[in-house]
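Asks: Model the structure of this input:
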Amino acid sequence: SMVLNLGLFTSQSKLYHDYDTPQERGKILYNINLLIIGGLMLFVFPAYLCGLDYWILGILFKNTIRYADYRIWILLMILTSLFAFMLTNFLYTSERINTVKRYSLCRTFGVNIISIAVLYAWQNTDSIRSRLAITSCAELALLLVFYVYYIKEMRFMVDKEMIRKVLRIGLPMLLSTLFSIVINFGDKFFLEKYIDYKTLSVYYLAIAFASVISILSTSLQNVWLPLFLKEKDIQKNLESTGKIIRKLVLLLIVLTVAIIGGFALCIILQIIPTDYSEVLYILPILLIGQIMVTIAILYSNYLIYFERTSLVSWAGLAVSTLSVGLNILLIPHWKAYGAAVTLLISNGCYLVIYYLALQYFKKKHAPVTASSEE
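Replies: Next up, the predicted model:
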């Protein structure tokens, strides 16, 4: 779903506040959704009709999975995730915080409660199919209810100039997303080829605990990006970014210590089996990498701000190429540790690239004194 939005969530966040009138903003929203639907008609539905999804899975997994049994529900979940992401981005961008709170709470509690109730009632059925079916249907029902807010804002007029501008900002972000997938899922791709499922489960548990920072980062970015792009005074954005980064680094360091300590306590109390104790050695590497990419994302917002998203895609190409090389070199010998080190180095490279890019654009567009915040 992150690929299928064609990077247009960035265009939505950037351009919504570039226009002052409801008419122009409504046209932007309509044209963005029109492009997404066009992308689905052009790429996704023909791919499913021709069975290309089976071919993709054949490349990704060496072991047979029962994909055919769940294919239709996975497609529905992809589509609902895509439009739910665009809806959430719109609600944040238009600063409808109460609405996005209601939507998020309904998704979090409503979908999970319904799913657990159905799984309990249908214990003798295929639990995977039941979960996928009820989750995707519940998500779709909520999406249809809340999408009304989105549709009401739209102005149903095609604007070719707007479409060109939307694509110019969004498509480089699509390429960046593709490269990010190579980085964030390449480790799992190579690990699945070289290690057994027992070792893989240790790595996945480490990833699950490290994803706490990733979830926090995503939530922060969803809230911060629209506010950041709305502010037209670059100096104020630089000062705000500096303050956020200082507070965020301190918070993430505390959170990292808490996560590692919490996991160790779970091992000691045998809440988590001792077979997973190796996670304690992998987890710090992954957590440091997550902190790096969280800060890097905040710096990357300046490339969206200056409409230089092409540089984001070039950075993604460079880092993803490095990531693949490191995975090939390290994973056969170091297994899960090699994958964790690759993510750490890749995220560190992102941080350095975006920081240097910020320094360049800061001097070019808004020269400031040496005492200013980074």
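Asks: Read off the pLDDT value for residue 254.
Replies: At residue 254, the model reports a pLDDT of 96.
Asks: so who does it touch?
Replies: Residue 254 sits next to no residue when contact means Cβ atoms under 8 Å, 6 or more residues apart in numbering. (Each C-beta comes from the backbone N, C-alpha and C, glycine too.)
Asks: Which of the helices or strands spans it?
Replies: Using DSSP states H and E, residue 254 falls within helix 234-268.
Asks: Equivalent analysis for residue 157, please.
Replies: Using DSSP H and E, no helix or strand contains residue 157.
Asks: That one touches residue 29, doesn't it?
Replies: No: Residue 157 is beyond contact range of residue 29, at 11.0 Å (criterion: Cβ atoms under 8 Å).
Asks: out of those two, which sits in the more crowded spot?
Replies: Neighbour count, other Cβ atoms under 10 Å: between residue 157 and residue 29, residue 29 has more, with 22 against 11.
Asks: gap between that one and residue 152?
Replies: Counting by Cβ to Cβ, to the nearest Å, the separation of residue 29 from residue 152 is 10 Å.
Asks: Residue 345: neighbour count?
Replies: For residue 345, using other Cβ under 10 Å, the count is 17.
Asks: what's the burial count for residue 311?
Replies: 19.
Asks: same question, the one 4 residues further on
Replies: Residues lying near residue 315 (other Cβ under 10 Å) number 21.
Asks: Residue 113 now?
Replies: Neighbourhood size, residue 113 [other Cβ under 10 Å]: 11.
Asks: Tell me the secondary structure at the closest residue to residue 7 other than its chain neighbours.
Replies: The shortest distance from residue 7 to any non-neighbouring residue, by Cβ to Cβ, 6 or more residues apart in numbering, is to residue 173 (3.1 Å). State at residue 173, reduced to three classes by DSSP: H, G, I helix; E, B strand; the rest coil: helix.
Asks: so residue 173 makes contact with residue 312?
Replies: Yes: Residue 173 is within contact range of residue 312, at 6.3 Å (criterion: Cβ under 8 Å).
Asks: joint contacts of these two?
Replies: Listed as contacting both residue 173 and residue 312 by Cβ under 8 Å, 6+ apart are residue 304.
Asks: First-to-last residue distance for stretch 189-200?
Replies: Stretch 189-200 has its terminal residues 11 Å apart, counting by Cα to Cα, to the nearest Å.
Asks: in it, what counts as buried?
Replies: Going by neighbour count (16 or more other Cβ atoms under 10 Å), the buried part of stretch 189-200 is 189, 190, 191, 194, 195, 200.
Asks: ok, residue 144 - contacts?
Replies: If you count contacts by Cβ under 8 Å, 6+ apart, residue 144 has none.
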